[in-house]
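In: Here is the input, now give the coordinates:
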Amino acid sequence: MTFRADAVEHFVAEVFEQSKAQIRAFPGCRHMELLRSTRHSNVLFTLSYWDDEQALDTYRASELFARTWERTKVLFEQRAEAWSMEVLDSPK
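Out: The predicted model follows:
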């Protein structure tokens, strides 16, 4: 997510901090963290692990997602991208 420079701290303090516990507790969410680019301080990523695609789709259709996304998207400098991936190799 590429945020306006003046909106990054607002997102972190007012949106992410207020919703992170609820997202992490959402059924099917196994892990969620916030990352920041080391080159561009206004570029942030959420990395999340879900039980399966259905769990993620259920979250995306939830009121929690709708409220959080509404507060987030107005802070963007560029359109956000989302990718779903599968793990091909992971240390056990």
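
In: Can you name the residues bridging to the most centrally placed residue in the chain?
Out: Centroid-nearest residue in the chain, with CA atoms, centre = their mean: Thr46, separated by 3.8 Å. Here Thr46 shows beta-bridge partners Leu34, assigned using DSSP bridges.

In: wait, it sits on Leu34?
Out: Yes: assessed by CB atoms under 8 Å, Thr46 is found in contact with Leu34 at 5.8 Å. (Each C-beta comes from the backbone N, C-alpha and C, glycine too.)

In: For Phe45, which non-adjacent residue is spatially closest?
Out: Leaving aside its sequence neighbours, Phe45 sits nearest to Leu35 (CB to CB, 6 or more residues apart in numbering; 4.4 Å).

In: Now do the one you found against Met1, distance only.
Out: 10 Å (CB to CB, to the nearest Å).

In: For Ile23, which non-adjacent residue is spatially closest?
Out: Met32 (5.5 Å).

In: Where do the helices of this structure begin and end?
Out: 8-10, 17-24, 53-60, 63-73 (DSSP state H).

In: If you count neighbours, what's buried in the first one?
Out: Which is helix 8-10. With burial defined by 16 or more other CB atoms under 10 Å, the residues of helix 8-10 counted as buried are Val8.

In: List of residues touching it?
Out: Helix 8-10 is contacted from outside by 41-42, 44, 75, using CB atoms under 8 Å, 6 or more residues apart in numbering.
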